[in-house]
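*Asks:* Could you look at this predicted model? Sequence included:
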Amino acid sequence: MSQMPFYVSPEQLMKDRADFARKGIARGRSVVVLGYDKGILFVAENPSRTLHKVSEIYDRIGFAAVGKYNEFENLRVAGVRYADLRGYSYDRSDVTARGLANAYAQTLGTVFTQESKPYEVEIAVAEVGRTQDEDQIYRLTYDGSVADERGFVAMGGAGEAIETGLGDAWHPGIVLGDALVLAVRLLAAGAPGSEPRQLGPDSLEVAVLDRERPRRTFRRIVGPLLADLLNTDSPTREAPAQDEHIPGRHGELSGEPDSDIGGPTASPRDASTNPQTQRPEPGPDSSGTADGD
């Protein structure tokens, strides 16, 4: 005698998937993206020097994520391929954060509704404009929802508390040093009720989209300069000096920029891209762990 199939209402199924994704994201260490007077700043609590949560996508576009590393890394690589193919087929100016956010939204929405498990990720796509009013920051959640954020966004386990603090203290035109100190202070405070911590340069991943650079605006801030910017008594807490632009084809898939501000200069690296891949592909469900585990 055959048994009747187990029935779950669509509403309950979507609720269970959303709860599953939110729990995975809440375990991740938080990331803050906020505008400053000369660009957009990315600050992540991340002690790893190689597993990046903040990366370059294209000339004026950056990417930040929290959640399960292997899943948001798949999205990052696919975003680079999407941007590289579009820029090559049309024009570099045709690659925009809005177009990339729409592509990510389609993929995340499809995975959430059709795959056996949703992506446990939350991502931000930011594009630096010619002026601060033209800066764009998009936030995408596990179900493909897109929000156009103004000025700042915080993601991860303490994201809500950090956004409340940013709403009270952030203002347009804030300088880089003050923006960094504010972000780190809120990251260290964490969620309400948690024990405040000390976050030094070794516990942080910091990068900027610098609107004053000629084309490729993404640079990481590391080493002595990061320490100086975090030191409120330092006389050198100014925006990074304009280092000489290193020419090279964009398209790298490693997430490493061609140079680090305040650290040793790296050689530009080329990497092949798959021109057939225009949209992110879902990653394996069984591999990878949440970044906060």
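*Replies:* That came through, no problem. Numbering: from 1, shown residues only.
*Asks:* what about the strands in this protein?
*Replies:* 31-36, 39-45, 54-58, 61-67, 121-127, 136-140, 146-149, 152-155, 204-210, 218-221, 260-261 (DSSP state E).
*Asks:* what inclination does the top helix by length along the chain have with respect to strand 136-140?
*Replies:* In the chain, assigned by DSSP state H, the helix with the most residues is helix 69-89. Angular relation of helix 69-89 and strand 136-140 on a 0 to 180 degree scale: 140 degrees, by axes from the mean of the first three to the mean of the last three C-alpha atoms, to 10 degrees.
*Asks:* chain center to helix 69-89, what's the gap?
*Replies:* 13 Å (C-alpha atoms, centre = their mean, to the nearest Å).
*Asks:* Kindly report the same for stretch 190-208.
*Replies:* Worked out by C-alpha atoms, centre = their mean, stretch 190-208 lies 16 Å from the chain centre.
*Asks:* And it, end to end?
*Replies:* End-to-end distance for stretch 190-208, by C-alpha to C-alpha, to the nearest Å: 22 Å.
*Asks:* Show me the residue at the heart of the chain, geometrically.
*Replies:* residue 64 (0.6 Å; C-alpha atoms, centre = their mean).
*Asks:* which residues touch that residue?
*Replies:* 31, 33, 42, 44, 53, 54, 55, 123, 124, 126, 155 (C-beta atoms under 8 Å, 6 or more residues apart in numbering). Bear in mind the C-beta positions are built from the backbone N, C-alpha and C, glycine included.
*Asks:* that older thread, now the strands of the chain in TSV, with distance to residue 161?
*Replies:* Compiled in TSV, the strands of the chain are given as follows (distance: least, C-beta to C-beta, whole Å):
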stretch	distance to residue 161
strand 31-36	12
strand 39-45	14
strand 54-58	20
strand 61-67	14
strand 121-127	15
strand 136-140	16
strand 146-149	16
strand 152-155	8
strand 204-210	18
strand 218-221	24
strand 260-261	29
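*Asks:* Any idea which of these gets closest to residue 111?
*Replies:* The minimum distance between residue 111 and these falls on strand 121-127, with 9.7 Å, by C-beta to C-beta.
*Asks:* tally of neighbours for residue 102?
*Replies:* By the criterion of other C-beta atoms under 10 Å, residue 102 has 16 neighbours.
*Asks:* err, residue 112, not the other one
*Replies:* 20.
*Asks:* Check residue 122 too.
*Replies:* By the criterion of other C-beta under 10 Å, residue 122 has 26 neighbours.
*Asks:* Excluding residues flanking it in the chain, which one is nearest it?
*Replies:* residue 155 (4.6 Å; C-beta to C-beta, 6 or more residues apart in numbering).
*Asks:* doesn't residue 31 make contact with that neighbour?
*Replies:* Yes - using C-beta atoms under 8 Å, residue 155 is in contact with residue 31, at 5.1 Å.
*Asks:* who touches the closest residue to residue 210 other than its chain neighbours in this structure?
*Replies:* Spatial nearest neighbour of residue 210, chain neighbours left out: residue 39 (4.6 Å); criterion: C-beta to C-beta, 6+ apart. Applying C-beta under 8 Å, 6+ apart to residue 39 gives the contacts 128, 135, 176, 208, 209, 210, 211, 212, 217.
*Asks:* Drop anything exposed from those residues.
*Replies:* 128, 135, 176, 208, 209, 210, 211, 217 (16 or more other C-beta atoms under 10 Å).
*Asks:* Dump these into a markdown table; add distance to residue 103 as well.
*Replies:* Putting these into a markdown table (distance: C-beta to C-beta, whole Å) gives the following:
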| residue | distance to residue 103 |
| --- | --- |
| 128 | 19 |
| 135 | 20 |
| 176 | 30 |
| 208 | 24 |
| 209 | 19 |
| 210 | 25 |
| 211 | 24 |
| 217 | 21 |
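*Asks:* for these, which one is nearest residue 109?
*Replies:* Using C-beta to C-beta, the shortest approach to residue 109 within the buried ones among the contacts of residue 39 belongs to residue 135, at 25.5 Å.
*Asks:* CA atoms of the longest helix of the chain as PDB?
*Replies:* Extracted C-alpha coordinates of helix 69-89, given in PDB (Å, rounded to 0.1, in the frame of the first residue of the first chain):
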ATOM      1  CA  TYR A  69      32.300  31.400   1.900                       C
ATOM      2  CA  ASN A  70      32.000  28.900  -1.000                       C
ATOM      3  CA  GLU A  71      28.600  30.300  -2.000                       C
ATOM      4  CA  PHE A  72      29.500  34.000  -2.100                       C
ATOM      5  CA  GLU A  73      32.800  33.200  -3.700                       C
ATOM      6  CA  ASN A  74      30.900  31.500  -6.600                       C
ATOM      7  CA  LEU A  75      28.800  34.700  -6.900                       C
ATOM      8  CA  ARG A  76      31.900  36.900  -6.900                       C
ATOM      9  CA  VAL A  77      33.600  35.000  -9.600                       C
ATOM     10  CA  ALA A  78      30.500  34.900 -11.700                       C
ATOM     11  CA  GLY A  79      30.100  38.600 -11.200                       C
ATOM     12  CA  VAL A  80      33.600  39.200 -12.500                       C
ATOM     13  CA  ARG A  81      32.900  37.100 -15.600                       C
ATOM     14  CA  TYR A  82      29.600  38.900 -16.200                       C
ATOM     15  CA  ALA A  83      31.300  42.300 -15.900                       C
ATOM     16  CA  ASP A  84      34.300  41.300 -18.000                       C
ATOM     17  CA  LEU A  85      32.100  39.900 -20.800                       C
ATOM     18  CA  ARG A  86      29.800  42.900 -20.900                       C
ATOM     19  CA  GLY A  87      32.700  45.400 -20.800                       C
ATOM     20  CA  TYR A  88      34.400  43.500 -23.700                       C
ATOM     21  CA  SER A  89      31.200  43.100 -25.800                       C
END
